[in-house]
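Provided below for reference: sequence and predicted model.
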Amino acid sequence: MSLSLNTLTDLGIMLLFGIFCGRMVKHIHLPNVTGYLVAGLLLGPYFLPALGLPFSILSESFVNNISVISSVALGFIAFSIGNAFKFSYFRRVGVTPIVIAILESLFAVVFVVAALLVSGHNAPFSLVLGSIAAATAPAATIMVINQYKAKGPVTSTLLSVVALDDAVALMLFSISVAVAKSMEGGKTNVLLALLEPLGQILLALLLGFGIGICLLFPMRYFKKRGNRLALICGFIFLGIGLADLFGLSSLMLCMGLGATVANFSEESGTIMEIADSITSPIFILFFVSSGAALQVSILRTVGGIGAIYIIFRVFGKMFGAWLGGTLCRADSKVNRFLGPCLIPQAGVAIGLTLVAGSVVPDYASRIRAVVLAGTLVYELIGPAITKLCLTQAGEIQAS
């Protein structure tokens, strides 16, 4: 039984309870985003029933039908990440973030696939599930960085790596799926499977660039904050909608939009400050709804496969980030602390499970259960670990 009343009442409850839980976790030195996720768990349709209670605050249908909140929140997050992609920054740091992003994604896949094969699982299943390990969710990481105003080499490298991560993850997933299909007897061209997501990524970035140029033109004539905020929201909404219409990645499109603003406008700092003024309630709703959608009962069903995925993905991310930083002679703090900051995983990984189901249909439900269990664990512990690592790196000042 659900106590859900109507949409606006439910949204109000999510915001208010999210703020309350965000404040409560501060007393145990955890970031706000952890409190928002816990609030979602307590309000959602899965946690209380799993404890044996016959009711929940939010209904399952409500939680499943507010995806627009996730789309808008991820659009603003990608816009913010893109703003960190300044040409001047990459001229200064070189290829370090690119190398780290490739290696941390690659070794997450290698570690998980190898562990699954050693434990006796077949190659197609291991490849498809392992390839999903590459994806990292930027939202929780960005929230921690913004909340504590983290600054330093680890933070700047982290922003660049999480921005590149989804592109690398999509490429690795496409290659793995093509190989798995060929193993299952399907005739799949690996090169074509690689070129398709690459083309989609480039098209999304180009479309984001075009929308960014269109945004900067009216910014010359509208100087009031309210008007500028309306323009920013309008163009981000437009970008998300067009990405959905053409089957492109809204993350990549909005990232391209943000990068265009960062590199072609002298007012990029002001534009980002205006955009940030509206994001707080959007992000709270996003993380509360993410927590509400986490099906805790899944933890009982994933068994050893879930443990392998959850543990070896973390080892792979940490090793790849360390190796990439070492090869590029990055700051020693980057080599040491960047890897654990890449633990969170959510939307992209869950989306990839839908594709995975068509490749190895016999294992579709198991793959989705494992990834959802991983999401539950990663999203709850990831923000706290990110905060701890950035604090130890000296990039979050003690309050």
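Okay, I see it.

Centroid-nearest residue for the chain?
residue 137 (1.9 Å; CA atoms, centre = their mean).

quick one, phi psi at that one?
The phi/psi pair for residue 137 (degrees, to the nearest 10) reads phi -90, psi 120.

That one is in contact with residue 343, isn't it?
No: contact criterion CB atoms under 8 Å: residue 137 and residue 343 do not qualify, at 9.2 Å. The C-beta positions use only the backbone N, C-alpha and C, and glycine is treated the same way.

Identify the contacts common to the two.
Common contacts of residue 137 and residue 343, defined by CB atoms under 8 Å, 6 or more residues apart in numbering, comprise 378, 382.

Return the alpha-carbon coordinates of stretch 115-125 using CSV.
Listed next in CSV are the C-alpha coordinates belonging to stretch 115-125 (Å, rounded to 0.1, in the frame of the first residue of the first chain):
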residue,chain,number,x,y,z
ALA,A,115,37.3,-12.5,-12.3
LEU,A,116,34.1,-13.8,-13.8
LEU,A,117,36.0,-16.1,-16.2
VAL,A,118,38.2,-17.5,-13.4
SER,A,119,35.0,-18.2,-11.3
GLY,A,120,33.6,-20.3,-14.1
HIS,A,121,31.2,-18.1,-16.0
ASN,A,122,31.0,-18.3,-19.8
ALA,A,123,32.8,-15.7,-22.0
PRO,A,124,29.8,-13.9,-23.6
PHE,A,125,28.1,-13.3,-20.2
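
what's it in contact with?
Around stretch 115-125, the neighbours that count as contacts under CB under 8 Å, 6+ apart are 126, 129-130, 180-181, 183-184, 304-305, 308-309, 312, 359-360, 363, 367.

Could I have the buried ones of those as ChimeraX selection syntax?
Filtering those down to the buried ones (16 or more other CB atoms under 10 Å) takes a single ChimeraX command:
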select :126,129,130,180,181,184,305,308,309,312,359,360,363,367
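
Widest-spaced pair of the contacts of stretch 115-125?
Greatest spatial distance among those (CB to CB): 181 and 304, at 25.9 Å.

what's the spacing between the nearest residue to residue 57 once chain neighbours are set aside and residue 24?
Nearest residue to residue 57, sequence neighbours excluded (CB to CB, 6 or more residues apart in numbering): residue 43, at 4.4 Å. Counting by CB to CB, to the nearest Å, the gap from residue 43 to residue 24 is 14 Å.

quick one: residue 294 and residue 375 touch, right?
Yes: with contact taken as CB under 8 Å, residue 294 and residue 375 are classed as touching, separated by 6.6 Å.

Which of the contacts of stretch 115-125 lies at the shortest distance from residue 390?
Nearest to residue 390 out of the contacts of stretch 115-125 is residue 312 (CB to CB; 24.1 Å).

What helix or strand is residue 158 located in?
Using DSSP states H and E, residue 158 maps to helix 153-183.

picking up where we left off before, take the contacts of stretch 115-125 and keep only those in helices.
The helices, defined by DSSP state H, take in 126, 129-130, 180-181, 183, 304-305, 308-309, 312, 359, 367 from those.

quick one: low-confidence ranges for the stretch 51-200 of the chain?
Residue ranges of the stretch 51-200 of the chain with pLDDT under 70: 89-90, 92-93, 182-194, 196-197.

low pLDDT regions in the stretch 251-399 of the chain?
Short version for the stretch 251-399 of the chain, where the test is pLDDT under 70: 298-301, 346-348, 350-351, 354-355, 357-359, 365, 398-399.

JSON lines for the ones in helices among the contacts of stretch 115-125, including distance to residue 76?
Shown next, in JSON lines, are the ones in helices among the contacts of stretch 115-125 (distance: CB to CB, whole Å):
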{"residue": "126", "distance to residue 76": "36"}
{"residue": "129", "distance to residue 76": "31"}
{"residue": "130", "distance to residue 76": "31"}
{"residue": "180", "distance to residue 76": "35"}
{"residue": "181", "distance to residue 76": "36"}
{"residue": "183", "distance to residue 76": "40"}
{"residue": "304", "distance to residue 76": "38"}
{"residue": "305", "distance to residue 76": "35"}
{"residue": "308", "distance to residue 76": "35"}
{"residue": "309", "distance to residue 76": "30"}
{"residue": "312", "distance to residue 76": "32"}
{"residue": "359", "distance to residue 76": "32"}
{"residue": "367", "distance to residue 76": "30"}
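
nearest to residue 245, of the residues you listed?
Nearest to residue 245 out of the ones in helices among the contacts of stretch 115-125 is residue 359 (CB to CB; 25.7 Å).

quick revisit: compute the distance between the residue nearest to the centre of the chain and residue 373, please.
15 Å.

same check, this time on residue 320
Residue 320 is 22 Å from residue 373, where distance means CB to CB.

now residue 48
In terms of CB to CB, residue 48 sits 19 Å off from residue 373.

Which of those two has more residues huddled nearby?
Neighbours were counted for residue 48 and for residue 373 using other CB atoms under 10 Å; residue 373 has more, 25 against 17.

Which helix or strand contains that one?
With DSSP H and E as the test, residue 373 turns up in helix 364-392.

Report the angle between that helix and helix 153-183.
Angle, helix 364-392 to helix 153-183, by axes from the mean of the first three to the mean of the last three CA atoms, to 10 degrees: 160 degrees.

list the buried ones in helix 364-392?
By neighbour count on 16+ other CB under 10 Å, the buried set for helix 364-392 is 364, 366-391.

Next: stretch 307-316.
For stretch 307-316, a neighbour-count test (16+ other CB under 10 Å) marks 308, 309, 310, 312, 313, 314, 316 as buried.

how many neighbours does residue 168 have?
22.

Can you show me the helices along the stretch 101-250 of the chain?
For the stretch 101-250 of the chain, the helices defined by DSSP state H, counting those that start in this stretch cover 123-132, 138-148, 153-183, 190-219, 225-246, 250-264.
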